[in-house]
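Q: got a sequence here, can you build the structure:
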Amino acid sequence: MKFIEQVDLEEFSSFVENHPTKSHFLASPLWGELSKSRGYTPFYVGVKENETLIATALLLKKSLPFGYCYFYIPRGFVMDYQNLECLSFFTTSLKKFVKKQKGLYFKIDPDIRLHTISEDATCIEGENHYQLVSFLKKIGYKHLPLTKYFETSQPRYTFRIDLKNEIEDIRKRYSKTALRFIKKAEHFEVEPSIGTKEDIPQFIRLMKLTEQRQNFFSHPDDYYEKFYDIFSASNHVSLLLAKVSLSKMIAILKEDIQKEKSAKEINLISLEKKQKELSFLEEEKKKRKEDKIVVSSYFTVHYGDKSWYLYGANDMDYKMTYANYRLFDYQIEISKEKGSSVFDEFGTIGEPKSDHPLVGLHEFKKKFGGEYLEFIGEFDYIIRPIFTFFFLKLVRIYRFVIRKKLRKKVQKEKI
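A: Residues are numbered from 1 along each chain as shown. This is a model prediction of the structure:
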């Protein structure tokens, strides 16, 4: 086996995209290029055996003071993890490479399940990778504490939907609630579609509303434009939109209200709710020049044999349309049309019965019938222990200060 410090970019890209089990957009040159805008320097390394590429890694280098740095390998190596000889050789080679770069450590978070889990996040009998975790620790990796929320670089829990069946069969796995809400969206004639770069400002507008509502900060506006430019150039992204027509919704609600009033038994609560919705829409109609408005928007990545729901934003003033449910269903449909065999909902929580604010997100994603999955977590390979210890202490303090500033920024924008 031979370690390659600079794999040919075309060869690297082809290997990652076509790998039968570990293809991932986060391990691709596309993500490496995007990461430059976030202050990382990408390296494309690999292992060859008999001149054939058998493993790759996207190394993202983050520079530190005094010439030091650290490396992050998003979603770990693209390789057959059952080949322990290659895994050991790759690790030893990376240790030398990172040390030569004055690196403190390198981090991996492989796209590998820890074990089979049930819907309430309890471990059940079935597939597990405990032996792989033990082997990684044996060859020098430090297994970081297993988190339950979004504390790590990438989500440690997710839902994945098998897209190999027909779309009608896939929808049979949706919950009754999801199906009912999709029908409500269809009743209001929500229009899902694939947008273009010109529609990115609509996504950003909705993202700002979502940030203010949920008290978080995601990315600068130009990040989404860069993301779209890089991934759309090779047809690896879909910007999805859900639009509604104010005039159509007003007409539909008026008809619904009339039916309610004509019923033998009038549901006063339902009637009052519809009348409030009608008043809101009529006021919106007066304020807006355009009749059609975007009320939900998603970024979906298609890479290798998978698709991922990466970013999503909604205008909850139009919650009554259930446009987000219709758009999520459309997203799954588009992913299947793109040839994906798996749809990854890209992140949920590990304690669904807690009172955490993200339980609502978990319940939303769960309604689409995917398999609940837990990854094996993060591993650090520490090369300079003392420097790493003090650096990680400083990082925790820095992140605390930054998050505090971002919260204040969001709160000011609310005012």
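
Q: touching, M316 and Q214? I think so.
A: No: here M316 lies out of contact with Q214, judged by CB atoms under 8 Å, at a distance of 10.0 Å. From N, CA and C alone the C-beta is placed, and that goes for glycine too.

Q: residues contacting the nearest residue to L241 once chain neighbours are set aside?
A: Take L241 and drop its neighbours on the chain: the residue closest to it by CB to CB, 6 or more residues apart in numbering is G195, 4.6 Å away. By CB atoms under 8 Å, 6 or more residues apart in numbering, G195 lies in contact with 202-203, 239-241, 297.

Q: now G195: how far from V294?
A: Per CB to CB, to the nearest Å, G195 is found 8 Å from V294.

Q: anything in contact with each of the two?
A: 202, 241.

Q: of all the residues in the host helix or strand of E211, which ones are buried?
A: Using DSSP states H and E, E211 maps to helix 200-214. By neighbour count on 16 or more other CB atoms under 10 Å, the buried set for helix 200-214 is 200, 202-204, 206-208, 210-211.

Q: now swap in stretch 310-321 and tell me
A: 310-315, 318, 320-321.

Q: likewise stretch 74-88?
A: 74-79, 81, 83, 86-88.

Q: wasn't H219 part of a strand?
A: No: under DSSP: H, G, I helix; E, B strand; the rest coil, H219 sits outside any strand and is assigned coil.

Q: how many other residues sit next to it?
A: H219 has 15 neighbouring residues, counting by other CB atoms under 10 Å.

Q: flag the shaky bits of this protein, pLDDT-wise.
A: Counting by pLDDT under 70, the chain has low-confidence residues at 215-216, 395-415.

Q: let me see the ranges of the helices in the stretch 251-400 of the chain.
A: 268-287, 323-337, 359-366, 385-414 (DSSP state H, counting those that start in this stretch).

Q: deepest-packed of the ones you listed, please.
A: The highest mean neighbour count among the helices of the stretch 251-400 of the chain, using mean count of other CB atoms under 10 Å, belongs to helix 323-337: a mean of 23.

Q: and the angle from that helix to helix 359-366?
A: Helix 323-337 and helix 359-366 are oriented at 40 degrees to each other (axes from the mean of the first three to the mean of the last three CA atoms, to 10 degrees).

Q: sorry, back to before: which one among the contacts of G195 gets closest to F346?
A: When these are compared for distance to F346 (CB to CB), L240 wins out at 14.2 Å.

Q: so the closest one: helix, strand or coil?
A: Per three-state DSSP, L240 ends up strand.

Q: how far away is it from I334?
A: Distance from L240 to I334, by CB to CB: 7 Å.

Q: can you give me the domain boundaries for the protein?
A: Domain ranges of the chain: 2-157+375-414, 166-340, per automatic domain parsing.

Q: about what we covered before: could you dump the buried residues of stretch 74-88 to CSV with secondary structure and distance to N18?
A: CSV is the format used below for those (DSSP: H, G, I helix; E, B strand; the rest coil; distance: CB to CB, whole Å):
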residue, secondary structure, distance to N18
P74, coil, 18
R75, coil, 16
G76, coil, 18
F77, coil, 16
V78, strand, 10
M79, coil, 13
Y81, coil, 17
N83, coil, 17
C86, helix, 18
L87, helix, 20
S88, helix, 25
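
Q: hmm, back to that, out of the contacts of G195, what pair is the most spread apart?
A: Q202 and L240 (11.0 Å).

Q: quickly list what's touching both of the two.
A: Shared contacts of Q202 and L240 (CB under 8 Å, 6+ apart): 195, 297.

Q: can you give me the buried ones in stretch 47-56?
A: 47, 53-56.

Q: end to end on that stretch, go ahead and measure it.
A: 6 Å (CA to CA, to the nearest Å).

Q: offset the numbering so it begins at 327, please.
A: I'll keep to 327 as the first residue from here, and by that count the last item is stretch 373-382.

Q: about what we covered before: now the angle from the helix holding E537 to helix 685-692?
A: 130 degrees.

Q: how about the following helix or strand past helix 526-540 as PDB, C-alpha atoms only?
A: Next helix or strand after helix 526-540 toward the C-terminus (DSSP H and E): helix 547-558. Only the C-alpha atoms of helix 547-558 are listed here, as PDB (Å, rounded to 0.1, in the frame of the first residue of the first chain):
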ATOM      1  CA  ASP A 547     -26.100  35.400   3.100                       C
ATOM      2  CA  ASP A 548     -23.300  34.900   0.500                       C
ATOM      3  CA  TYR A 549     -22.600  31.400   1.900                       C
ATOM      4  CA  TYR A 550     -25.800  30.100   0.300                       C
ATOM      5  CA  GLU A 551     -24.900  31.600  -3.000                       C
ATOM      6  CA  LYS A 552     -21.400  30.100  -3.000                       C
ATOM      7  CA  PHE A 553     -22.900  26.700  -1.900                       C
ATOM      8  CA  TYR A 554     -25.400  26.900  -4.800                       C
ATOM      9  CA  ASP A 555     -22.700  27.900  -7.400                       C
ATOM     10  CA  ILE A 556     -20.400  25.100  -6.400                       C
ATOM     11  CA  PHE A 557     -22.900  22.300  -6.100                       C
ATOM     12  CA  SER A 558     -25.200  23.300  -9.000                       C
END
